[in-house]
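>>> Next come a sequence and a model predicted from it.
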Amino acid sequence: PQTADVRKGFVYPGDTISFSGQYAYLDGINNNVFITPEIPLTLEITRADAAANGAKGYVPFPGEITYHTFSGGAFEINLTAAPVANDYQYSFRLCPFDDATTAIDDATSCGSEQVGLPDGAVDSTPAVCAGSSSYGCTVFNIKVDGNPPEVNTDSWTAKRGATGEVISGDMPTSTYHCVDVEVVLKEREALFQGDVNVAWSFYSDASNNIVWPVYAASFGDEPMTSELTLSPLGGSYAASGTCIDLWPIEDGQLEPDKDQINNVELMMWIDAKDSAGAGIIFGGGPTDEGGIAAIFSSSQEHKSNYRFIHEEPSFAVENILLTPKSPEVGERMELEIEVANTGTMAGSTVLVVRSVTAGGIPVLEGTVETGDIDILSKKWVSVDLEEFTQATTGMYYLISDETTSEVLYNGSAEGNQFNVKVQSESDDGSTVILLLVVLLGIVVILGVVVVVLVRREDDGDMFEDDDDDFGGAPKKAYIELPGQSAPGPAANVTPQMADAMTRFPQWNQEEIQGYFDQGWSIDALEDWVKNQ
């Protein structure tokens, strides 16, 4: 039989079961000395009547008695399993002494045709076994299973190992290194761990069993298999496998190239047999026509054939942080980027950062590696850029994927333009004190001038009438204090400078000229001032 141990498994109808043992004299056995009888003996083996059991699929079957003669104390007898499924009980004994001259032993003897024990000899096996629980001590059972296991309808499912998402129709390269499978097998008798496997291979033409050459180059023409874990379900078994690698890479083996994956079909099936050795049905696999079949279902997600396709990770920029937000000449910009993997497999990429100023040509600023990012996960990365060397307006960044050259972030489109200001003047303590002293001096001078003017005005009132008497006397001339009127541009400035000094009264001529020297125009300066 297929099963190595009839205590646990079933045998198939008509299987031959080997039944062996040895008899020895009891006195010797008690002293660990095994002396076997050399005389012929006859073993009577009785198979009891088998009753019906609808829950287990058992059908009734009549019992049977057979006789087997042997010599030398040892026996090895072949028993033929009953032709229908049931749990059969067998018992055995040595045929007792039969006195042919009387009818006293006829009720217990095996009949005159069989060789019984010598007169006075007794088979002590039943007495010894009465206090023993050892299997096979005068009684044993043989279970017969004539029903092959089968795959339950719509029970096959394959899932992405990373997300648990059901795979339907397509098997992507982003998934085939980690696939979970599960299936329910109808089997009322017994399935053993190790006897149920999932098998698979990649085909150019599965109907004619033509293996995909790329698969054959790495793994040969034979399918690969993986053992499934069994869990009883009451009349059925759940079989499952976790994170099965459908393309296990070893030395000398390569991943299929994207350009090689074209019209490739992945076929998966159940390779199993029950404890009686009966092969599974409705599980797919090799057909009588020479092809390979999948597990059939009217629902795509429960079919075990898949179109093999190429997939890869893809990335998107979710957020950015600029530090500082209002940079100045001489400062460095730290750019923090939140990257999301929106693809169908984990992976990494390199982000390329370019800057654009005033609608000009993008200039490379730096790159940053993201490291591995899982599917639907996010990660922050940062890059320190070079310091700003000149003041600019309307500057923004472009961030692209180095692998695909796709622009993932456009600062202009996102409204994240910024200006680079002129470097602020030094604010150290000595400069502040000097400015305070100068301002205090100006205030004192202005106070003195005001006092002098007030006194002169008072003196003028004393002689006002006298002046009128003399008629024609010249009037007093008053000095103009700083700030009493806004002087216009100097007569020797250019029209551009005059226009700038009018528009930007907060700057002096020297400061405005500095901006002109940097390449600023009046309109650019005006835009920059408005953005502050």
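Structure's in. What do you need? Residues are numbered from 1 along each chain as shown.

>>> mind checking the SS state of the residue nearest to the spatial centre of the chain?
Most central in the chain under CA atoms, centre = their mean is A162, positioned 2.3 Å from the mean C-alpha point. Three-state call for A162 (DSSP: H, G, I helix; E, B strand; the rest coil): coil.

>>> Start at 853, not 1
With 853 as the first residue, the last one maps to A1014.

>>> For it, list the residues it contacts.
1027, 1030, 1198, 1226-1227 (CB atoms under 8 Å, 6 or more residues apart in numbering). Bear in mind the C-beta positions are built from the backbone N, C-alpha and C, glycine included.

>>> Would you write a PyMOL line that selects the buried entries of the residues you listed?
Buried residues within the contacts of A1014, by 16 or more other CB atoms under 10 Å, are selected in PyMOL with:
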select buried, resi 1027+1030+1227
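
>>> now A1090: how far from L1043?
Distance check for A1090 against L1043: by CB to CB, to the nearest Å, it reads 11 Å.

>>> For E1079, give me phi and psi.
phi -70, psi 140 (degrees, to the nearest 10).

>>> For burial, what's the neighbour tally of it?
15 (other CB atoms under 10 Å).

>>> nearest spatial neighbour of it, skipping sequence neighbours?
Spatial nearest neighbour of E1079, chain neighbours left out: N1049 (5.3 Å); criterion: CB to CB, 6 or more residues apart in numbering.

>>> By mean pLDDT, which helix or strand of the chain comes out lowest?
When each helix and strand of the chain is scored by mean pLDDT, DSSP states H and E, helix 1316-1322 comes last, with a mean of 45.

>>> can you list contacts of the helix or strand following it?
Where DSSP states H and E defines the elements, the next helix or strand beyond helix 1316-1322 is helix 1347-1355. By CB under 8 Å, 6+ apart, the surrounding residues in contact with helix 1347-1355 are 1341, 1345, 1359, 1361, 1364-1365, 1368, 1374, 1377-1378.

>>> buried set for helix 1347-1355?
Those buried within helix 1347-1355 under the rule 16+ other CB under 10 Å are 1349, 1352-1353.

>>> possible to save the residues you listed as CSV with distance to S923?
Conversion of these to CSV gives the following (distance: CB to CB, whole Å):
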residue, distance to S923
M1349, 133
A1352, 130
M1353, 134
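
>>> of all the residues you listed, which comes closest to F913?
Proximity of those to F913 (CB to CB) peaks at A1352, which lies at 114.1 Å.

>>> Could you say which helix or strand holds the residue lying closest to I869 once chain neighbours are set aside?
Of all residues not flanking I869 in the chain, L931 sits nearest, at 4.6 Å (CB to CB, 6+ apart). Using DSSP H and E, L931 falls within strand 926-932.

>>> what does that strand contact?
Contact with strand 926-932 is made by 866-875, 888, 895, 897, 918, 920, 922, 942, 994, as judged by CB under 8 Å, 6+ apart.

>>> And the residues you listed, which of them are buried?
Buried subset of these (neighbour count, 16+ other CB under 10 Å): 867, 869, 871, 875, 895, 897, 920, 922, 942, 994.

>>> Least confident of the contacts of A1014?
Checked by pLDDT, the contacts of A1014 have A1198 as the lowest-scoring entry (83).

>>> for that residue, what are its contacts?
Neighbour list for A1198: 1014, 1165, 1224-1227 [criterion: CB under 8 Å, 6+ apart].

>>> Let me have those in CSV, adding distance to D1126 and secondary structure as columns.
Below are these laid out as CSV (distance: CB to CB, whole Å; DSSP: H, G, I helix; E, B strand; the rest coil):
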residue, distance to D1126, secondary structure
A1014, 34, coil
P1165, 43, coil
D1224, 44, coil
I1225, 46, strand
D1226, 41, coil
I1227, 39, coil
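
>>> Check the contacts of helix 1347-1355 and tell me the two furthest apart.
Spatial extent of these (CB to CB) is set by the pair V1345 and E1378 at 18.4 Å.

>>> for L1203, which residues make a bridge with it?
According to DSSP bridges, the residues that bridge with L1203 are V1220, D1253.

>>> show me the contacts for it.
Contact analysis of L1203 by CB under 8 Å, 6+ apart lists 1169, 1189, 1191, 1219-1222, 1233, 1235, 1251-1254, 1260.

>>> Helices along the protein, start to end?
According to DSSP state H, the chain carries its helices in the segments 878-882, 977-981, 1065-1071, 1281-1314, 1316-1322, 1347-1355, 1361-1369, 1374-1383.

>>> mean pLDDT lowest for which of these?
Among the helices of the chain, helix 1316-1322 scores lowest, with a mean of 45.

>>> can you pull the pLDDT of the residue lying closest to G925 once chain neighbours are set aside?
Leaving aside its sequence neighbours, G925 sits nearest to T888 (CB to CB, 6+ apart; 2.8 Å). For T888, the pLDDT comes out at 88.

>>> For T888, give me its contacts.
T888 neighbours (CB under 8 Å, 6+ apart): 874-877, 924-926.
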